[in-house]
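> Give me a model of this one.
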Amino acid sequence: MEWVQQQLAKDSSGHDYYHILRVVNTAQCIHRLEGGDEFLILMAAWLHDIGDYKMHNGQDRTQELVGEFLDSLLVLPESKMAILNIITQVSFKGGHNEPPTTIEAQIVQDADRLDAMGAIGIARCFAYGGSKG
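This is a model prediction of the structure:
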């Protein structure tokens, strides 16, 4: 999505457009095996870091930024709420968040967390640490 790429173009924290692409691709693979609503999974995967508190000086702006974007696409209200709920359940928050309540949220969370593992995950940790000084 071009809008997502524009929003994350200046990111140096490891939550950039390429992270999003990896999460989307991984979520698609998991979806093929596990099911769930593909539209909700893909939209949440594309948008999961747009309003994240790590990107906005500790303030979660998901409802505002993602909500407005979904409204501009004329996404149905029930789908909008489902996407926003998935996104709020994906964030790691130091391990203190509640477990995902839907298969869609589980899939997006797993895809996001898989991108935090291995060599890419290590590189993203250094990038995030460097971006925060």
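
> Count the neighbours of the closest residue to Gln7 other than its chain neighbours for me.
Excluding its sequence neighbours, the residue lying closest to Gln7 (CB to CB, 6 or more residues apart in numbering) is Ile50, at 5.6 Å. Just so you know, the C-beta spots here come from the backbone N, C-alpha and C atoms, and that holds for glycine as well. Neighbourhood size, Ile50 [other CB atoms under 10 Å]: 21.

> what secondary structure does Ile50 sit in?
coil (DSSP: H, G, I helix; E, B strand; the rest coil).

> where along the protein do the helices fall?
Remark: helices assigned in the chain by DSSP state H are 2-7, 17-34, 38-47, 62-72, 77-90, 103-114, 118-131.

> picking that back up, return the backbone torsion pair for the residue nearest to Gln7.
phi -60, psi -50 (degrees, to the nearest 10).

> Thr62 is in contact with that one, correct?
Yes - in this structure, Ile50 is within contact of Thr62 by CB atoms under 8 Å, at 7.0 Å.

> Kindly state the pLDDT recorded for the residue nearest to Gln7?
If you check Ile50, the pLDDT there is 89.

> cool, and Gly35?
Confidence score, pLDDT, at Gly35: 98.

> right, and it touches Ile103 too?
Yes - the pair Gly35 and Ile103 passes the contact test of CB under 8 Å, sitting 6.3 Å apart.

> between those two, which one's more packed in?
Ile103 (16 against 12).

> quick one, what contacts the residue nearest to Gln7?
Residues in contact with Ile50 (CB atoms under 8 Å, 6 or more residues apart in numbering) are 4, 7-8, 61-62, 65-66, 69.

> Can you add distance to Val90, neighbour count and pLDDT and give these back as a markdown table?
Shown next, in a markdown table, are those (distance: CB to CB, whole Å; neighbours: other CB atoms under 10 Å; pLDDT from 0 to 100):
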| residue | distance to Val90 | neighbour count | pLDDT |
| --- | --- | --- | --- |
| Val4 | 15 | 18 | 78 |
| Gln7 | 17 | 20 | 78 |
| Leu8 | 16 | 18 | 77 |
| Arg61 | 15 | 16 | 87 |
| Thr62 | 10 | 22 | 87 |
| Leu65 | 15 | 17 | 93 |
| Val66 | 12 | 24 | 94 |
| Phe69 | 17 | 21 | 96 |
